[in-house]
Each structure stands twice: as C-alpha cells, then as structure tokens.
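> Turn this into a structure:
(2 chains)
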Amino acid sequence: MTWHRDVFRALRRDPRLTTSAGFLLLVLLAATFAPVIVPHDPNAQNLALRMRPPAWVEGGSWSHPLGTDQLGRDLLSRVVVGARVSLLVGLATVAVGLTVGATLGTVAGYVGGAFERLVMRLADIQLSFPYILLTLAVIAVFGPGLLTVVLVLGLASWPAYARMARGNTLSVKRRDYIAAAIALGGSGTRVLTRHVGPNIANALVILATLQVSQMMMAEAALSFLGAGVPITTPTWGGMLNEGQRYIFTAWWLTTFPGLALTSVVVAFNFLGDALSDRLG
Amino acid sequence: MLTFLLGRLAQAVPTLIGTSVVVFLLVHMTGDPALLMLPPDAPRSQVEAFRASLGFDRPLIVQYGDFMRGIARGDLGESFRFREPALGLVLQRLPATVQLAGLAVLLASLIGIPLGVLSATARGSWIDAFARGAFFLGQGIPPFWLGLMLMVVFSVQLGVLPSSGRGTIAQLVMPVTTLTVFLTASLARLARGGMIQALQQDYVRTARAKGLGSRSVLFKHALRNTLIPVVTMIGLQIGHLLGGAVVTETIFAWPGVGRLVVDAVHARDFPIVQAAMLVIVTLFIAVNLVVDLVYGLLDPRILYE
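Here you go, the predicted structure:
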C-alpha cells in the first residue's frame, strides 16, 4: 500500500475533494497559461482609461471586465497573472519547509538522543519567533525578491513539519515491521526511506496542503507591506498595497485581488481538511 | 509548583540566548553592516570611519559580547532615524500593540470557545453545519484583506467608522475585528474538535450514568479537558497575532510596534528592528510561561510530571 494510491483513491471518492482539487487545477492551468489567455498585457498602461470600474457598474465596459487601475492597466489580466507568484511561492515554500522539516524530524525521531534534543530545541526556539517579523528583518537585510521570499518563508516553516514527522516516527518506530526490516539487515537510510517514510507520509501531506494556504497568505502580507516580491511583478499582495491608496475612489482595486486570494486559500484548506478526514 | 516554575524559566533562557544570536547575526549576515547602513555611493574613507566609530572592525564575538552587555543594561543602540534609544522607542509603542492583541485574544476566547462548544454539542444539526462553514471562512479570509474590506464598507460606503488612528473606541473596532476573526475561527474549530472527543470519553459516560445533569457533565468534565489544547493554541497564537498586528497596524495607521518595524525596515533602521524583535520574543515567552501556569490550574497532574 503506497501513500499516493491512498491520495488518489480519496480524491475520487469525496465530492469535497474533487471540487476543491478541480478548482485548484483550473487556477493552476490559468496561472500557467496566463500570458496566453489574459485579454490585455498586465503591465500595459493606458492613461486615457484610468480607474474604470468593473463592466457591470456604470462607466465600465466589457473590454475591461473588472475595471482598470490608477495607470489604466487591466485588472482582470493582473489578477490572473498574480496567481502565478501566489501559487509558485505557496508550493515552493512548502517544498522547502517540508524537505528540511520532515528530514530533520524523521531522523531526530529515529535516532533519538542528543540529535533529537537539539533539533526539537531549535524548533521550539524558532516557533517563538513571529515569522512575519523574522521575514521582514531578513528581507530588510537582503532586499526583496522572489527567491528570498521563498527561502525565508520555507525555512521559517520547517518546525511544524519536524514536530509532526518526529512524533509520527516515534510511534511508527515501535511497530513490528520496523524491527523486522532492521533484523533483515536494512541499513538506517533504507529503513527510513522505505519503511518509516511511507508510513508517516499521509499526515505530512495533509499538513503540507494546509500550509500552502498559510504560505500564500504570508507572501501576500509581505508583498502588501512592500517587502515581498518587487512591485514590477503583479502579485495579489502588491495589488492590494497599491489599491489601498485609492480605497476611497476605486473599491474594485482592493476587492478582486483579495477575492482571488481568499478563494484559493479556502480551496486549499478545503482540500487539506477533506484529505485529513480521509487519510488522517 | 515552585520547581515547575523554575524549570520553565530555565527552559526560556536558551530561547532568549538563541534570539539574541539571531537578532545580532541578522545585521552581520551580509558581512558588513556599515555597507548596509550607509548609502551605496558613500566614499570608501567614510565607510571606514563609520565602521570604526561603531566598532564593526572588531572580531564578531567581541561585538556580540558588547551587544549582550548592552542588552543587560537595557541599551539596544540608537535609532539611526530618530537619534533616540531604540528600546525606548519600541517600549513607547508597545502599549498600543498590546491593547490590540490583548483585546483580540480576549474576544476570540469569549466568542470562539463557546461557539466551538455549542457546535460540538449540536453536532450534525444545521447549527453545527452553519458554524463549521463560518469557522472555515474565518480561517480562509486573509486578515489584512478583511481589514481592507471592512474599510471599504464601513469607512467608504457607510462612513460610520474612522479608517485610521488611535484614541477613540470607534477607531478600535475595525483593527480589533481584523485581528480577531482568524483566531476566533481557529479556537472555535479546536474547541469543537476537543469537545467532540471529550464527549466520547469514558469519564463523561460515567458522569452521565451517575445521573449528573447535562450542564454539569458538559462544563465540569468535558470542557475542562478540552481547554488544555485550546489554551496551548492561544499561547502559540500570540506570536502569530503579533505578526498579524504588523499588517493590521499598517492598514489602519495604528501607532504600535508593528508599524514602527515596517517603517524601520523600509528605512533600514536596524537598531529598531533588533529592539522590536527582542521585545516581542520576550513578551511571547512571558505569555507562554503564564500559559504553562494556567495548565497547572486546569490539570494539576501536569505540575507533578
């Protein structure tokens, strides 16, 4: 029994899973093919058409369905392109955090002793740092950028994975099949990757799914504070930052990027929740 | 009780030392803090003079020693922008942030825990379904966007609440709501899950079999056991909350530590960033010590472990 077969079986059976996974797949496709499908160049300015409201409001037109911003850029195109950074950061940070955290946590739980104490101590210390503050400080030193955001958020989130991986490894370690694998002469690495790993993967997959939405919100918050991805790339957080300046005249600039972010976050939470009901 | 407290205090020491190392190294990570603090086109002679004047030309460990001596005296350096002690500036702004975060925790506990319990006792009913949907949405809406939307509705469209500043009660409403919703939803979900589990336990069945009233079973037996993970969550969420305060304060121009830090980050005013991090981590540790004590009250067994 392999864990990914569990995941796919669960995906087929639960309507919540198919809905959220289907929606996320659509968003992923839209983000991937954004440059081809958007109606306008997201960075093309048109000062003659500044601050146009959405099409269904008086003064709007269907050539810019969600309206335009203070520079006359098409909001719909920017929202669609903004999905790229959000998803990229969400998935990449989770990959970084999961790799580091799960490896350290699993090894810590398996070998125990001083190494385990050190890793868990470090995790505790890091958990007492508000990570937004830590990220802000690191970005103040290194300057904003996509890679910095991914690395910092990814490394900031390892303790959650490490704790879960360690806890589950501790309980798996006592099972008979682990003793059998060791008795058969399996090396430490082999036992960890072939026997412990697959048996703790379900819980980690659930945690990782829920963390994607946390990381997307963190990236948006950082970009909103002007400390995330540089403003030349359209991001949902960056658009909300610019939009706040015009909140009294152009509500659509803050409404739609946030709506996009919320729907994707909710979908990931939904997916994680349904997965945990099925696999947990 | 005393040994328990002392043990927890001793555990806090490595965390504080770790924090001081991180905060210290942060400014030294790029190698040369002088280059970080001066404009990029500063002449070489000026860089050298600046480096020497701040003692950046000495070995790292000596500088760390100095830094720690400074901390012991409550001296965290001077803000580059304001030419005032950084710690004083942070402490001045602290009450505003604590007010915001404190009210958020209080409201989230008072609303979230009862809602979670209610939803658990009505499990499977339409109340439960509705509540679960609400909790889900509460955790899904990015807090800062919620803040912006509140502003659109209540400041722009209806014009009933001021969009910024601190001083009146009306100015509190939106920042506190922004900060509270996520935490309320998290606590409610946790309380619901814990309560459902507790209600299936043997001691609850025993209590019911003894003929105790359902209210007594609920509050005396089930709730008390549910509260431990909830209280842990509150303690751990304080860090999250102080992080959330950074964004909330920026949206509503709330004069707290968060806004000070964001401004300091943009101005590369590192002493303020360092002081704020140290103060906030210390606060977080203090809160979690209190949380540990509350555990003891909820479950006396913990004290003797």
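> what residues does the stretch 151-300 of chain B put near chain A?
B:151-152, B:155-157, B:163, B:236, B:239-240, B:242-244, B:246-247, B:250-251, B:261-262, B:264-266, B:268, B:270, B:273, B:276-277, B:280-281, B:284-285, B:288 (C-beta under 8 Å from any C-beta of the partner chain). For glycine as for every other residue, the C-beta is placed from the backbone atoms N, C-alpha and C.
> I would like a ChimeraX command selecting only the buried ones among the residues you listed, please.
The buried residues among these can be selected in ChimeraX (16 or more other C-beta atoms under 10 Å in any protein chain shown) with this line:
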select /B:151,152,155,163,236,239,240,242,243,244,246,247,250,251,261,262,264,265,268,270,273,276,277,280,281,284,285,288
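> The residues of the stretch 151-300 of chain B next to chain A in helices, which ones?
Those of these mapping onto helices are B:236, B:239-240, B:242-244, B:246-247, B:250-251, B:261-262, B:264-266, B:270, B:273, B:276-277, B:280-281, B:284-285, B:288, per DSSP state H.
> check whether stretch B:83-99 contacts chain A.
No - using C-beta under 8 Å from any C-beta, stretch B:83-99 stays clear of chain A, coming no nearer than 11.4 Å.
> Just the buried residues of that stretch, please?
Here stretch B:83-99 shows B:85-90, B:93-94, B:96-97, B:99 as buried, counting by 16+ other C-beta under 10 Å.
> just stretch B:66-77 next, same as before
B:67, B:71, B:75-77.
> Now find how far off-centre stretch B:119-137 is within its chain.
27 Å (C-alpha atoms, centre = their mean, to the nearest Å).
> List of residues touching that stretch?
A:266, A:269-270, A:273, B:115-116, B:118, B:185, B:188-189, B:191-193, B:195-196, B:199, B:218 (C-beta atoms under 8 Å, 6 or more residues apart in numbering or on different chains).
> one more time with 6 Å, if that's ok
B:185, B:188-189, B:192, B:195-196 (C-beta atoms under 6 Å, 6 or more residues apart in numbering or on different chains).
> and if you look at stretch B:60-76?
B:24, B:86-87, B:275.
> Kindly report the same for stretch B:189-209.
So stretch B:189-209 is contacted by B:113, B:116-117, B:119-120, B:135, B:217, B:221-222, B:225-226, B:229-230, B:233 (C-beta under 6 Å, 6+ apart).
> And that stretch, how far out from the chain middle?
30 Å.
> Show me the contacts of stretch B:60-76 that map onto helices.
Reading helices off the contacts of stretch B:60-76 with DSSP H, I get B:24, B:86-87, B:275.
> nearest to residue A:179, of the contacts of stretch B:189-209?
Among those, residue B:229 lies closest to residue A:179 (C-beta to C-beta), at 32.3 Å.
> What is the neighbour count of that closest one?
14 (other C-beta atoms under 10 Å in any protein chain shown).
> check contacts around it.
Going by C-beta under 6 Å, 6+ apart, residue B:229 touches residue B:194.
> and the gap between it and residue B:288?
Remark: distance between residue B:229 and residue B:288 (C-beta to C-beta, to the nearest Å) = 14 Å.
> same deal with residue B:20?
Residue B:20 sits 18 Å away from residue B:288, taking C-beta to C-beta as the criterion.
> what about the chain, any weak spots by pLDDT?
In the absence of a named chain, this looks at chain A. A:1-3, A:7, A:10-11, A:280 (pLDDT under 70).
> nope, chain B please
Along chain B, the parts satisfying pLDDT under 70 run over B:1, B:29-37, B:40, B:212-217, B:220, B:301-305.
> Which positions in the stretch 1-150 of chain A make contact with chain B?
A:125, A:128, A:130, A:132-133, A:136-137, A:140-141 (C-beta under 6 Å from any C-beta of the partner chain).
> Could you tell me which of the residues you listed are located in helices?
Per DSSP H, the residues of the stretch 1-150 of chain A next to chain B map to helices at A:125, A:132-133, A:136-137, A:140-141.
> mind giving me the domain split of chain B?
Split into domains by automatic domain parsing, chain B comes to B:2-73, B:87-298.
> most tightly surrounded among those domains?
Of the domains of chain B, the one with the most neighbours on average (mean count of other C-beta atoms under 10 Å in any protein chain shown) is domain B:87-298, at a mean of 19.
> before we move on, the earlier item: now secondary structure too, for the contacts of stretch B:189-209, in CSV please.
Output for the contacts of stretch B:189-209, formatted as CSV (DSSP: H, G, I helix; E, B strand; the rest coil):
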residue, secondary structure
B:113, helix
B:116, helix
B:117, helix
B:119, helix
B:120, helix
B:135, helix
B:217, helix
B:221, helix
B:222, helix
B:225, helix
B:226, helix
B:229, helix
B:230, helix
B:233, helix
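> between the residues you listed, which is nearest chain A?
residue B:135 (10.4 Å; C-beta to the nearest C-beta).
> now the closest one: how far from residue B:76?
Distance from residue B:135 to residue B:76, by C-beta to C-beta: 41 Å.
> what's the neighbour count on residue A:211?
24.
> Helix, strand, or coil at it?
helix.
> Report the contact partners of it.
Here residue A:211 is in contact with residue A:94 (C-beta under 6 Å, 6+ apart).
> same thing but at 7 Å, please
A:94, A:97, A:157, A:160 (C-beta atoms under 7 Å, 6 or more residues apart in numbering or on different chains).
> what does residue B:16 give?
B:282, B:285.
> What angle do helix A:131-142 and the helix or strand hosting it make with each other?
Here residue B:16, judged by DSSP states H and E, is contained in helix B:2-28. Here helix B:2-28 points in a direction 30 degrees away from that of helix A:131-142 (axes from the mean of the first three to the mean of the last three C-alpha atoms, to 10 degrees).
> How far off centre is helix B:2-28?
The chain centroid and the centroid of helix B:2-28 are separated by 17 Å under C-alpha atoms, centre = their mean.
> Now find how far off-centre the host helix or strand of residue B:196 is within its chain.
In this assignment (DSSP H and E), residue B:196 forms part of helix B:169-199. Relative to its chain's centre, helix B:169-199 lies at 14 Å (C-alpha atoms, centre = their mean).
> likewise stretch B:58-65?
Here stretch B:58-65 shows a centroid-to-chain-centroid distance of 31 Å under the convention C-alpha atoms, centre = their mean.
> pull the CA atoms of it into CSV?
Listed next in CSV are the C-alpha coordinates belonging to stretch B:58-65 (Å, rounded to 0.1, in the frame of the first residue of the first chain):
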residue,chain,number,x,y,z
ARG,B,58,36.4,44.2,15.7
PRO,B,59,36.0,40.4,15.9
LEU,B,60,32.4,39.2,15.7
ILE,B,61,32.5,37.5,19.1
VAL,B,62,33.7,40.7,20.8
GLN,B,63,30.9,42.6,19.2
TYR,B,64,28.4,40.0,20.3
GLY,B,65,29.8,40.4,23.9
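> how much space between residue A:107 and residue A:41?
In terms of C-beta to C-beta, residue A:107 sits 49 Å off from residue A:41.
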